[in-house]
Each structure stands twice: as C-alpha cells, then as structure tokens.
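> whatever this is, show me its structure:
(one chain, ligands or ions: 2)
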Amino acid sequence: MVDILKTAIEFLKGVGPIKADLLKKELNIFEYNDLLNYYPYRYIDKSKVNRVTEISEESGIVQLKGKILSLRIIGENRAKRLVAEFSDETGTIELVWFNSIKWIKEYIKANQTYLVFGKPTIFGRKYNITHPEIEEFNQNETVLSVPFQPLYNTSEKLKKKNIDSRAISRMIQTMLPQIEAFIPEIINANTLKECNLIRREDALFNIHFPKSKPLLSQSIYRLKFEELYFNQLKLLKTRQVRLQKNKGHCFGKIGNNFNDFFFHHLPFELTDAQKRVIKEIRFDMRGPSQMNRLLQGDVGSGKTVVALMAMLIALDNDTQSCIMTPTEVLSQQHYSTISKLLEGMNIRIELLTGSTKASAKRKILTDLATGEISIIIGTHALIEDDVCFKNLGLTIIDEQHRFGVAQRAKLWSKNIPSPHILVMTATPIPRTLAMTLFGDLSVSIIDELPKNRKPIDTLHFYDKSRLQIQGIMKKQIDKGRQVYVVFPLIEESVNLDLKHLQEGYESLSHDFPLPHYAISVVHGKMKPLEKQFEMERFKKGETNILISTTVIEVGVDVPNATVMVIEDAQRFGLLQLHQLRGRVGRGSDQSFCVLVTGYDLTQDGKDRIQAMLNTNDGFEIANLDLKIRGPGDIEGTRQSGLLDLKLADISKDEHILLLARSKAEELITKDPELSSVESIKEKGYLTELLKKSPSWAFVS
Ligand code: ADP
Ligand code: MG
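Ligands and ions are numbered 1, 2, ... in the order given. The predicted structure follows:
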C-alpha cells in the first residue's frame, strides 16, 4: 500500500521543487509526515492582548499590539543594539535586539501593526523587552477561524522566499484533509485508555489548529507522551537485543592485582559510595552479559580510583583495559595519577595520544598486541585502526559527552567479545536526562565526597573589587597554597581570547601587590606538550598561580590549590562553573571559589551566580542548569543527536516521562518481542524508528 504520509513535500499544492528544497535544507521537512510533525512553537491567543500601561514588575510575558515609531542603532561592538520605540494606544515601550540587527531592521516596516511577545524588564525607569518575538498583525487572517493562531519557526532564508509562519500554517491546512484518514494510531488501546490519551489523529489536528484550549493541552500531552514512550521503548528494545547478543567477558575472579592494590597501595580509605559502586561494577562484569554502565559522581567524588579498581579486576582476569579521554591534558592527568597509584606494582601502563612520537607509538602498538601492556590511556588516538589489543576486556570512557557516537562504536568493536563498557561523566546528569539519553545503561552513582573535604566557600565580587580578590589570593599563597585564575574562552576569536588572557596576566604580574609570585599560563593556542609542561610545573608547586582559559575545565587534580578565581564568570554555563569550582577543595584545607563579574549581569547570569552561591551539590546544579538552559542545550546532546525530542521538555515533563517509562517497561516485559495483537501498533512504528536512527544504543 502506498503510504500517503510519505509523499514528497514538493507534491503538496503550493510548494513545488524550489520551496521544497529550502524546506528540506532549513527545516528537515522532506515528506508529508515531516510537515505533519513540524509543530508550532507557540500560539497567539487572539483574545488576549495586553496594554503598555498595564505592564508592571509582575507582568511576566505579555502580548502587545501596536506600531513601531522609530528605530535606531546604538552602542558599539558587543554592546551594539537595535532599539525600537513601540507604541499602542496607551503608551510606549522599547524593544531591544542585540542579534540579527540587520535582518530585523529590514523586516520592520512603518505604519504596520505588529504583535509583540516577550517579557518586559525594567531598565532605568522604563520598561523594555529584549529580543521580543515580533509578528505582523493581520486583521483578515483567520486560519480556519480557530481562536489560536499557531506560530512556526522558520529561518531568514525561508522568510526571504515568503515561507513564514503563516505560509507553513497554510501548507498544513492544505495537507491535513488529504491525509487525515491515513494517520495511524501507534499506541495500543489499553494504554490509550489507562493514560487518558486522545486519539493520534485528533492530537495532530489540534496541535496545528487547536479548536479549544483544553483540546490543545490534551493534544500536547498525548504527543509528548508518545514521544517519550517511543524513546523509552527504543532504549528498552536495544538493551534487550544487546543483552541477548553480547555475552561479554566473564570476569569470574578477584585476584592478586586487585587485592594487592586494595590492601597495600590504596592511599586512603574508600568512601562507602565508592565501595558500593565498585561492587556494582564487579557484579556486572561477572556476567552473563556485557556491562554497559554509566558512572556518575560529582567533581572530586573520586571516580578515577573506581575506574582503576575496575581495570585491576579486568587484569586479574587476563584482559587489558583502556581509558579514553577527550583531551590530551586529561589523558596525561589520568596517566600520571594512575601510574602513581600503581607505583611498586608490576603493571605496565602506557599513554597514547596525538603527540606520542612515532617510534614510541610503534613500540606501544606492538606491546598492546602482544598483551605486554595491561592498561592504556589515551585520546581518540586509541580508536585508530592500527591500535589492536591482545584481549581488551574493559573500556572506560571519561567525559562521555564529548565523544561522538561513531567514535564510541569503534572502541566497542575492538574486541570479540566486546569489552565491558564503563562511561564516566564529568558532571552529574539530571535523572530525567539520564533516563531519556542513557535509558539502556545501568547507572552507578557516587553520592558522597571523601570525608576529609571541607565545603568550598563560594564568593561573588564585582570586578571593581580587585584589591579584595587579590587579598584572598595573597593570603592563600602566603600559606603555601596555589591559585587558579580562569578566563572564559572567547570562541569567536582566538586572538581576542589570548588578548583577554594576556591582559589578565599583565594585570596580575604588574599590579599585584607582591609581584614575585611565579605564574604559569596555559591557553588553547599552545601545543599539548607546552600545556603539559606548564601544568606539570603548577602541579609540582613550582608556580603559585595558574592562569588559563577553560582548558583546565576537566580533570586537573592539584590538591594544594585552594583558590579558584573565575573571571567574567557570567560567561560560563552553570555546569562549567561547577566543574571549575570542583578543581579546588581537593585537599583538607578550606578552599574558595571566587566568581568575578561586572555589574551588567543579565537575569540569566544572575541566576547562575546565585545558584553557585546557594549550593555545592552537583546534582542540584545539574537540575537547575536543565531548567535554566532547557534540555536542547545540554552540552553535547545536540551535536550527538542523542536527545531528539521535539515536544517533550524533560526539565518540565518528568511526570509524563515516568509514566511513559513505566508503560514501556510494562509492554516489553509482557511481550518482549512485541508480537501480540496488542503490541502490533507499537511494533510497526518502533521498527520504523529503529531503521531511521542507527542503533547508537549499542555503542555506549
Ligand atoms: P573525580 O570524580 O572528579 O574524577 P578524582 O578521581 O580526580 O575525582 O578524585 C579527586 C581527589 O580525591 C583526588 O585527589 C583523589 O586522590 C582523592 N580521593 C578519591 N577518593 C578518595 C577517598 N576515598 N578519600 C580521600 N581522597 C580521595
Ligand atoms: Mg575525573
């Protein structure tokens, strides 16, 4: 049977090949189905327009209707902005844009009535709206005469070809009557009933053209559920297949290496959480199938030693292990930490990165293949084709987010049977995100810091308070402690970045009351070996201050460092700030994290600083970060295409996720092959989904 939903988009009346091309490129709309699933991001409730004079501190988001009186560009460089004076019958307010200035300026016409949507903030004595949504108001526009007008995202390119929100809405309006009868239900009748879900066809109709507010909410709910339900089914299904297919190594024993380390070399007592997690890992690796485990723990919770002990179990069972890290600095760091922990034990450990010399590399490759090397640590150099193991038993991936799916797949395939996999995350992942992203992994959590730690004292200073900041640094340095000063990486311009760092360096070395402190500088333009050299100097205590861009963000472990000064702190994400803070407080001394900002903080910036002042708990921070930034921005998820949710927002829809998860589990448990009449609906759609996205669940 021909599936009308798969009709190519150019065949829709009014589209044609040129527009179709743009729709494909800009919005990923290839066929009818894609258009059907291209949901509005918001609706204009035409019945509700606010007046300028009504705006107050408590207004929240408002919708205004009026005209633009004037437009002007003010400020320069980063402060450059477009300011529009907007007026309705009752008063005027300023609209402000920092981005897309040129485009907006061309877009806005005199004497045209606009609908403006956004959140007013008070600026001086006046209100303004920064980056409002702005839309031409058209009296005659009555899309199917529904009370809510859907708004669709488009792009500048599309708008230039007249494909704006309205045009998309019209396309959907043309398409719907043709396909309505062919929209399949994909959730079984029981679940629909138990979860009170409306029919799919109704949901899809009403999400585009809501007949009423309740119907709109029901549609959104139903489609969010559907999305999360299939996300979970997909994960559960892939886990099922993996467990069946991959028997994995069976690490039956704990032997000399593990015991010798535990009883004679471990320099501290493990925390209860570390012990528990090691047990979980051990249990997994004993079989009957391959381990696929995510290890979560706050910065400084001691994941490295857990990783090492897992590798010792692998070694006791005559297999090799590797740790793969996203940066050379981090590889180097792990290598030196682990070498030191293993001192006095006869275990061959090597480092392999992009800067390993050719001759050394050749030797390493030979010794890996013969099995003389037991543990290897490295960057993506480890996944090159010429790297062969004698028998790889365990692969540990540190800072997982930064690796692409394909890279992980390669590591996975380096051995038969596939090695056990332990993924360590740099920062805690909120529960909902972990469930949707890594729902097929088992999760271990280290929820306890080593006992000797004192909570880090976090302080906020405006950059005018240099003397105070320097005072804190000086006091600690005079006690023999060390200090980090971190500048944000200015991504748009490496030169600007360096200049920034340079200025920081100069101000520290010249203006500092005691200029004889030794300073290390590390930045992105340096070669890995130079970086390593400077980091080593700092680590050995030869320098008092380490100035750097975010390269020290992950992995650096210098227990003697007690002050982390973060310059322009508002330019860092919340998780990054927390990561950086985690670089101090690793010894038994009181440590400080100093956040330096200007006065001109955005609300967002203020929220982040406040969150840092309020809590030291990484899980709490991760949850807040998810709320502040929204899931679309969580580091790495977008590039890796892992979190592919259109509608559901896991920072807000946790209850739907939990329901969807439990329903998915119920179905798979009852009918593992989805072969019963009841599961037939799910099966068809799931098969399509799995066909579309290569089974990335096999790779981590
Ligand atoms: P992270 O989880 O951030 O990778 P690390 O493994 O780098 O943390 O450990 C942070 C610091 O804590 C290291 O200096 C490590 O030696 C130390 N450490 C780890 N476990 C313990 C423990 N149980 N008791 C005391 N110190 C510990
Ligand atoms: Mg670490």
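
> flag every residue of this protein that's near ligand 1.
Residues of the chain lying close to ligand 1 by Cβ under 6 Å from any ligand atom are 268-271, 274, 297, 299-305, 450, 452, 557, 559, 586. (C-beta placed from N, C-alpha, C; glycine too.)

> taking those one by one, which sit in helices?
Using DSSP state H, the members of the residues of the chain next to ligand 1 that fall in helices are 274, 303-305.

> now flag whichever of those residues is closest to Leu501.
Thr304 (28.5 Å; Cβ to Cβ).

> ok, the closest one touching Ile338?
Yes - between Thr304 and Ile338 there is a contact under Cβ atoms under 8 Å: 7.1 Å.

> and Lys24, how far from Glu10?
Distance of Lys24 to Glu10, computed by Cβ to Cβ, to the nearest Å: 9 Å.

> do Lys48 as well
From Lys48 across to Glu10, the span is 38 Å (Cβ to Cβ).

> so between the two, which is more surrounded?
Using other Cβ atoms under 10 Å as the criterion, Lys48 and Glu10 rank with Glu10 on top: 16 against 9.

> contacting residues around that one?
16-17, 19-20 (Cβ atoms under 8 Å, 6 or more residues apart in numbering).

> how deep is the nearest residue to Asn99 once chain neighbours are set aside tucked in, by neighbour count?
Spatial nearest neighbour of Asn99, chain neighbours left out: His131 (7.2 Å); criterion: Cβ to Cβ, 6 or more residues apart in numbering. Residue crowding around His131 was assessed by other Cβ under 10 Å; the count is 14.

> low-confidence ranges in this structure?
Within the chain, the segments meeting pLDDT under 70 span 1, 46-47, 139-146, 400-412, 490-499, 508-515, 550-555, 630-644, 693-700.

> for the longest helix anywhere in it, buried residues please.
If you go by DSSP H, the chain has its longest helix at helix 213-245. Buried residues in helix 213-245, defined by neighbour count with 16 or more other Cβ atoms under 10 Å: 215-216, 218-239, 242.

> again, but for stretch 157-166
158, 163-166.

> repeat for stretch 19-36
Neighbour count says stretch 19-36 has 19-20, 22-24, 26-27, 29, 31-36 buried, by 16+ other Cβ under 10 Å.

> for Lys253, phi and psi?
phi -130, psi 160 (degrees, to the nearest 10).

> gap between Thr427 and Leu659?
27 Å.

> out of those two, which sits in the busier spot?
Thr427 (23 against 17).

> list the contacts of the closest residue to Val299 other than its chain neighbours.
Using Cβ to Cβ, 6+ apart and skipping the chain neighbours, the partner closest in space to Val299 is Gly582 (2.5 Å). The contact partners of Gly582, taken as Cβ under 8 Å, 6+ apart, are 298-300, 618.

> what's the farthest-apart pair in the residues you listed?
It's Gly300 and Gly618 that sit farthest apart of the contacts of Gly582, by Cβ to Cβ, at 9.2 Å.

> quick one, which of the two is more surrounded?
Neighbour count, other Cβ under 10 Å: between Gly300 and Gly618, Gly618 has more, with 26 against 20.

> the more buried one and His578 touch, don't they?
Yes - here Gly618 lies in contact with His578, judged by Cβ under 8 Å, at a distance of 5.9 Å.

> overlap of the contact sets of these two?
What both Gly618 and His578 touch, as defined by Cβ under 8 Å, 6+ apart, is the set 299, 427.

> the stretch 451-600 of the chain: strands as residue ranges?
Under the criterion DSSP state E, counting those that start in this stretch, the stretch 451-600 of the chain contains strands at 457-462, 482-486, 519-522, 545-548, 561-566, 592-597.

> the fifth one pairs with which strands, parallel or anti?
It stands for strand 561-566. When pairing is defined by DSSP bridges, strand 561-566 lines up against strand 482-486 (parallel), strand 592-597 (parallel).

> just the CA atoms of that strand, as CSV, please.
Provided in CSV are the C-alpha atoms of strand 561-566 (Å, rounded to 0.1, in the frame of the first residue of the first chain):
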residue,chain,number,x,y,z
ALA,A,561,45.3,24.5,45.1
THR,A,562,42.7,26.3,47.3
VAL,A,563,41.5,29.3,45.3
MET,A,564,39.7,29.3,42.0
VAL,A,565,39.1,32.7,40.6
ILE,A,566,36.7,32.7,37.7
